[in-house]
Structure formats: C-alpha cells, structure tokens
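Asks: quick one: sequence plus predicted model below, questions after.
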Amino acid sequence: MYRYFNDYPFVKYYVIEGTSSGGAFWGAFWGAFFAFIFGLVTYRLTKKWDRYSQHKNSLVKLDNLLNRHLDEIAAVQFQAKDINGVLKQGKLSHARFRHFKLPKDLEMKFGSLDIANRYLAYSSSISRTNGDMESMNHALTRFEDLLINGQVLRKENLDLMADLLGKFEKFLQGLTNRAKETLVMARLHMNRLKSKNSFTFGVLNSNWELRFTPEEIRLETERLDKEIEQITKQSKEEIEKTLNS
C-alpha cells in the first residue's frame, strides 16, 4: 500500500495529506463555532444581568427621590399656608416657591411596567406642580414690582391669589398621597427582590413584574406612615430646641 501511493504522488497528496488537512479545518471550524455560541450566550446573559441591576438600582433611586419629595412637599405646604396668611392681611410676602427636581428618563430604567407607569404618572403631577409654582412666583413678583413703583395693590387681586394658594394647598395634599403610594410600591418591590435569587429571577426570568396582596400594601403603608410621623416629630422637636436655645 505504501509503494502504491508512492508510485502516484498526486493520489498520495490528496488522499493522505488532504485528509489530514481537512480534519484540522473542521476542528478549527467547530472550535470557532462553539466559541461564537458561547460568547453570544455570555453576552446575552451579561446584558440581562446589567438590565436587572439597573432595575434594582433605579428602585433605590426612586425610594430616595420620593423620600426627599415628601419632605419638600411638606415644606411647600407650610410655605403656601404662610404666604396665604400674609395675603389675607392685605400684605405681600417675599417668599417664593422652589421647583421639585426630577431625574432624567428614570422611568426608562425600570424593568417593571407597573412601577414605570406609576412613576410616570407621579412625575407628570410634579411637572404640573412646578408649572403652578412658577405661575404663582411670577404673580407675586409682579405684585412686588407694583409696590416698588409706588402703586397700590387691589384687594381683589390679593384675594384671588389667596384663593389660588388655598386650592394649591389641597392639591399638595393629593400630591403627598400619590408620592406615598408610589413609595409604598417601590419598597414592596425592593423587599420582594431581596428574597429572589439574582440569577434565576434576574437573568433567566424575562418578566420582573410583581404582584402584592391588599394586606401587604396596607402593612407597608402603615410602616411608612409611622416612619413619617416619627420624622415629623423629631423635626418639630429640633425646631423647638433651636428656638429655645
């Protein structure tokens, strides 16, 4: 057999050496193919993990944002009541409202459509509130300009502004309730995710929507109310301590 192939070098090259080269080619091909598949799967899992981590981090950001807004809303309520009292006395306050800040595109970073929709509705209310405060700031500044120019403010204008502030105070109470409801749902989501396996739920699961019973929502709402009550009490005590010192 060896002599036979030696007598025909053309056959020897394509049968013996060609077979050896073909095995090396297919080995390299399948190695590259499986490496590509492994890389693709790894890429997809990594992207899914990053998206899940972004969802969890966004819930924490939402919790911080709503806590800050609840404090700021309470301050604006107090300010609106104070300005209203001054206007009813026929006088003018120099105080002005400050806008609530909202992070850009936070609703796009949630992996739960329920949370995203809740935040979108809440942020729309905040945007309307900022617009209302800007209008009232403008009106108060115009009143101030009239006084600076030596003109007299008409009582009906002051009464109109006082009426608007009264309605604004009631609106702020509704905004407080919406902020609390959104915060309750954010905390329920965060607490539930803590009990989930990050890989099986976050990476292998394609749906991060969570459902809660009315009882779970009620209990979390009570915990939040107690927390707010305690913070309010501490704030009042600190203010009284500062005034008496």
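Replies: It's in.
Asks: low-scoring pLDDT stretches of this protein, where are they?
Replies: Low-confidence regions of the chain, defined by pLDDT under 70, span residues 1-23, 25-30, 32-36, 38-45, 206, 235-245.
Asks: Gly174 versus the closest residue to Thr176 other than its chain neighbours, what's the distance?
Replies: Counting by C-beta to C-beta, 6 or more residues apart in numbering, Ile73 is the residue found nearest to Thr176 once chain neighbours are left out, at 5.3 Å. (Glycine included, C-beta is placed from N, CA and C.) To Gly174, Ile73 is 10 Å away according to C-beta to C-beta, to the nearest Å.
Asks: neighbour count: these two, which is higher?
Replies: A count of neighbours by other C-beta atoms under 10 Å puts Ile73 above the other of Ile73 and Gly174, at 20 against 10.
Asks: what residues does that one make contact with?
Replies: Residues counted as contacts of Ile73 (C-beta atoms under 8 Å, 6 or more residues apart in numbering) are 100, 172, 175-176, 179.
Asks: redo those residues as a markdown table? Include secondary structure.
Replies: Supplementary listing: these in a markdown table, determined by DSSP: H, G, I helix; E, B strand; the rest coil:
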| residue | secondary structure |
| --- | --- |
| Phe100 | coil |
| Leu172 | helix |
| Leu175 | helix |
| Thr176 | helix |
| Ala179 | helix |
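Asks: I only care about those that end up buried; give me the PyMOL line for that.
Replies: One line in PyMOL is enough to select the buried members of the contacts of Ile73, burial here meaning 16 or more other C-beta atoms under 10 Å:
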select buried, resi 100+172+175+176+179
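Asks: what helix or strand is the residue nearest the centre of the chain on?
Replies: Most central in the chain under C-alpha atoms, centre = their mean is Leu62, positioned 3.9 Å from the mean C-alpha point. Assigned by DSSP states H and E, Leu62 belongs to helix 18-88.
Asks: how far away from the center of its chain is whichever helix or strand comes after that helix?
Replies: Past helix 18-88, further along toward the C-terminus, the next helix or strand under DSSP H and E is helix 113-148. In terms of C-alpha atoms, centre = their mean, to the nearest Å, the centre of helix 113-148 is found 19 Å from the chain centre.
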